[in-house]
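Asker: 3D model of this:
(one chain, ligands or ions: 1)
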Amino acid sequence: MTEKWILVVGARPNFMKVAPLIRAIDRHNHAGHSSLVPIHHSLVHTGQHYDFNMSDAFFRDLALPKPDLHLGVGSGNHGEQTGKVLIEFEKVLLKEQPDLVIVVGDVNSTLACSLAAVKLHIPVAHVEAGLRSFDRKMPEEINRLLTDAISDYLFTPSPEGDENLAKEGIPPEKVFLVGDIMVDSLLFHLDQARKTNILQRLGLKLPTSDLRSPASVLGPQSSDLRPPTTDPMARRSLNEAGRPSTIDYRLSTSLLPYALMTLHRPANVDDKQALEKIVRGLLEVSAHFPILFPVHPRTAKQINAFGMETSFIFHSTPDIRPEEYFDGKILHRKIHCFQPLGYLDFLNLMAHAKVVLTDSGGIQEETTVLNIPCITLRDTTERPITLTEGTNVLVHNDPEKIVAEVKKVLVGDTRVSKRPFLWDGRTAERIVAILANRC
Ligand code: UD1
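Answerer: Numbers count the residues shown, from 1 in each chain. Predicted coordinates:
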């Protein structure tokens, strides 16, 4: 007997959540215990994201296998995009007849594929369940609510997820607190990420203390880091490869003088007034140090549509001469933009940033693990644990708050994060064990 599972990816934030699951399934299959049912997995890409930088680059960086099926759905309005995925994925399910469908996150593909499966009575597992911003204007909030309501196995990253699901009447036997799967990818790839040449390509130099061995040219050795966290859980934790991960990834001596930014939420970039307010704050910040901004296609389109190009410098590649932003004062008070980055380059830049400005969900979690100050350009978060245990602070689109929080970072008024419970790099292993045991 073999179990047949389909894993779904659609958009950029899905890829790093599925890669650890595929590795965990492969490990399960190779464990060689006669009591374990072998799992045959297929990867379906809906095609919600299709640009090289938004999709293929992540397959390369995360060493994801090529999708077994690509639905080629592409962009569109919400109803159109969700509907197309629903129609195409139903055909796949009717043909393949899987025993289980695994969806991750909160994008339109997540909802569409879980809906197609549940209507055909195919069990659905939702990874990253229970997150709630309580803002129903966010398309992701609707996707989260509906996907959780129809899923059979709900894997939560933190205890608030369990509480939210309990309040919505989801039976507790369906809910499993397993930790944050993005952290699996982060811990697994961090060493590799530190070796990319993105810092050099941007003309960013690490302090000489970090240049002692070839391996540390682009990132500090663990001995350069602050002492391991006092959290005994984190000390004991293993990364996915089963190696002890005793470092706490605080790059205290290695913070480079730049802010890294991501910005693409419709509430921020589709609304001219909101975007103008954010940009006002950002331009003030850019007087202190450069803001590096890999631009999402949606945001690039909106900057042009609103005629706001003069606040930005679009570099055609991420290779920027350092004097352009450190010495060339004429370029101060502009935001430095380039194409979206792959997973490893972005992780490397994030791990060395002085501060991160973002409206993404996952980056709030990654900065918490990396202990990098995170200023979130939203008024809500579905990840409140990053506020209570991490480095995250919400500033919405308020220019004064943006500037004030950056200033705090510049004077060293920052919080030290504590890595949340079960954010240890073994979430995928726990999920696969639970799902395989149900057979
Ligand atoms: C989607 C997710 C969001 C996630 C984000 C990460 C939903 C509702 N939203 O938002 O949760 O944070 O991905 O990127 O699923 N485009 C391209 N090339 C691409 C992809 C998109 O040019 O490869 C452009 C298209 O013009 C498209 C627009 O970006 O209309 C938005 O793409 P879409 O997938 O609708 O939503 P995102 O804003 O990317």
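
Asker: and the protein, which residues reach the ligand?
Answerer: Neighbours of the ligand within the chain, by Cβ under 6 Å from any ligand atom: 11-13, 48-51, 54, 75, 106-108, 139-140, 264, 296-298. All C-beta spots, glycine's among them, are computed from the backbone N, C-alpha and C.

Asker: Enumerate every residue touching the residue in the stretch 151-300 of the chain that the ligand sits nearest to.
Answerer: Closest contact between the stretch 151-300 of the chain and the ligand, by Cβ to the nearest ligand atom, is at residue 297 (3.2 Å). Under the criterion of Cβ atoms under 8 Å, 6 or more residues apart in numbering, the contact partners of residue 297 comprise 51, 54, 340.

Asker: Skipping adjacent residues, who's closest to the first one in space?
Answerer: Pointing back at residue 51 there. By the measure of Cβ to Cβ, 6 or more residues apart in numbering, the closest residue to residue 51 outside its immediate chain neighbours is residue 297, 6.5 Å from it.

Asker: Likewise for the second one?
Answerer: The shortest distance from residue 54 to any residue that is not its chain neighbour, by Cβ to Cβ, 6+ apart, is 5.1 Å, and that residue is residue 12.

Asker: List the contacts of that neighbour.
Answerer: Residue 12 sits next to 49, 54, 55, 58, 340 when contact means Cβ under 8 Å, 6+ apart.

Asker: Torsion angles phi and psi at the second one?
Answerer: Taking degrees, to the nearest 10, you get phi -90, psi -10 for the backbone angles of residue 54.

Asker: Now for it: which residues touch it?
Answerer: The neighbours of residue 54, taking Cβ under 8 Å, 6+ apart as the test, are 11, 12, 297, 340.

Asker: Was I right to think residue 262 contacts residue 353?
Answerer: No - the pair residue 262 and residue 353 does not pass the contact test of Cβ atoms under 8 Å, sitting 11.3 Å apart.

Asker: These two: who's more crowded?
Answerer: Using other Cβ atoms under 10 Å as the criterion, residue 262 and residue 353 rank with residue 353 on top: 25 against 22.

Asker: Report the separation between the more buried one and the ligand.
Answerer: Residue 353 is 19 Å from the ligand, where distance means Cβ to the nearest ligand atom, to the nearest Å.

Asker: Residue 89 and residue 112 touch, don't they?
Answerer: Yes - when contacts are counted by Cβ under 8 Å, residue 89 is listed as touching residue 112 (6.4 Å).

Asker: so what sits against both of those two?
Answerer: Here residue 89 and residue 112 share the contacting residues residue 46, scored by Cβ under 8 Å, 6+ apart.

Asker: where does this protein have low pLDDT?
Answerer: Within the chain, the set of residues satisfying pLDDT under 70 comprises 205-256, 320-332.

Asker: how near is residue 369 to residue 182?
Answerer: 9 Å (Cβ to Cβ, to the nearest Å).
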